[in-house]
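Trainee: build the 3D model from these lines:
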Amino acid sequence: MLIIPAIDIKEGKCVRLTRGDFAQKKIYLDNPCDMAVIWRKQNAKMIHVVDLDAALTGETVNFERIREIVNVLDIPIQVGGGIRSVEAVEKYLDIGVSRVVIGSAAVTNPGLIADLLKKYRPSQIVVGIDAEHGVPKIKGWTESSNMQDYELAGEMKKLGVERIIYTDITRDGMLQGVGYETTKRFAEKAGMKVTASGGATTSDDLHKLRSLEKYGVDSVIIGKALYECNFPCQELWYAYEQGLGIDGEFSTARKKECCS
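Mentor: Got it, this is the predicted structure:
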């Protein structure tokens, strides 16, 4: 089960929302790149970055912040938020982003997905389905679509999409546990690779999600639980809060003892 830390950027800062509500915003760091370095030094294998401003406007407002993260880190970066055109996808992939997440446009403009998959590999183009009680929400979770989450997944699968990032909105940012039953239901019906998102709070949640691997759930995006230090391996975050600096050395290999 691949654990993917999330970095949400609004007005250039690293923030977390509660159930996608922009009025319930908490700023964790002024510089999202510093946050990315912290998660990498805690052995993250991939980072999930969302441009929250773009999710509302469709404009890549925080592009330079994201470029900085890509340039500094040595692991794949997955980016979502307001990506609604071929040009926007090209812009991100050209700076070294590994995966681009298409959310609202998968509902409003499925032809975009078809066009992208003619040009890029399925591993580079993934679809994000953010659902509330089984109904996908779009445009920064401000509008509802007219289909069920598994129906949207089926349409995407026909176009060649192989992976869905599935977020249970009712759980997102609540620190009340992962939406196990909704994720299981979706994964069973979708029959695709699934990255779970929304509500993962404790190690028990991760163990529960592992039981869904047989349905294609192979990874999980974790946001607020990491920022609130819910896991026992987060000493670096505490150290950073105490004012200790961080560097760009990411090696986790133990140094060999010199032979005498």
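
Trainee: how confident was the prediction at the spatially closest residue to Ile138 that is not a sequence neighbour?
Mentor: Take Ile138 and drop its neighbours on the chain: the residue closest to it by C-beta to C-beta, 6 or more residues apart in numbering is Ser104, 3.9 Å away. For glycine as for every other residue, the C-beta is placed from the backbone atoms N, C-alpha and C. Note for Ser104: predicted pLDDT of 87.

Trainee: just the strands in the stretch 51-200 of the chain please.
Mentor: Taking DSSP state E, counting those that start in this stretch as the test, the strands found in the stretch 51-200 of the chain are 77-80, 99-102, 125-132, 135-138, 143-144, 163-168, 193-197.

Trainee: which residue is the nearest non-sequential neighbour of Ile95?
Mentor: Using C-beta to C-beta, 6+ apart and skipping residues adjacent in sequence, the residue nearest Ile95 is Arg67, 5.1 Å away.

Trainee: hmm, the one you found is touching Val97, no?
Mentor: No - counting by C-beta atoms under 8 Å, Arg67 does not reach Val97; the two are 9.0 Å apart.

Trainee: which one's more surrounded, the two?
Mentor: Neighbour count, other C-beta atoms under 10 Å: between Arg67 and Val97, Val97 has more, with 21 against 17.

Trainee: how close does Val50 sit to Leu212?
Mentor: 23 Å (C-beta to C-beta, to the nearest Å).

Trainee: for the nearest residue to Arg171 once chain neighbours are set aside, give me the pLDDT.
Mentor: Leaving aside its chain neighbours, Arg171 sits nearest to Gly199 (2.9 Å; criterion: C-beta to C-beta, 6+ apart). At Gly199, the model reports a pLDDT of 84.

Trainee: what sits against Gly199?
Mentor: The contact partners of Gly199, taken as C-beta atoms under 8 Å, 6 or more residues apart in numbering, are 168, 171-172, 174-179, 205.

Trainee: try 6 Å
Mentor: Gly199 makes contacts with 171, 177-179, as judged by C-beta atoms under 6 Å, 6 or more residues apart in numbering.

Trainee: give me the neighbour count for the nearest residue to Asp168 once chain neighbours are set aside.
Mentor: With C-beta to C-beta, 6+ apart as the criterion, Asp168 has its nearest non-adjacent residue at 3.1 Å, and that residue is Gly179. When neighbours are defined as other C-beta under 10 Å, Gly179 has 25 of them.

Trainee: so how far is Asp53 from the residue lying closest to Ile102 once chain neighbours are set aside?
Mentor: Spatial nearest neighbour of Ile102, chain neighbours left out: Val127 (5.4 Å); criterion: C-beta to C-beta, 6+ apart. Shown here: Val127 relative to Asp53, a distance of 21 Å by C-beta to C-beta.

Trainee: compare these two and say which is more crowded by neighbours.
Mentor: The residue with more neighbours, out of Val127 and Asp53, is Val127; 26 against 20, by other C-beta under 10 Å.

Trainee: thought the more buried one was touching Leu159?
Mentor: No - using C-beta atoms under 6 Å as the test, Val127 is too far from Leu159 to be in contact (9.1 Å).

Trainee: ok, Asn47 to Gln24 distance?
Mentor: Let me fix one detail, which is that residue 47 is Ile and not Asn. Here the criterion is C-beta to C-beta. By it, Ile47 lies 23 Å from Gln24.

Trainee: of those two, who's got more company?
Mentor: More neighbours surround Ile47 than the other of Ile47 and Gln24, with 25 against 11 (other C-beta under 10 Å).
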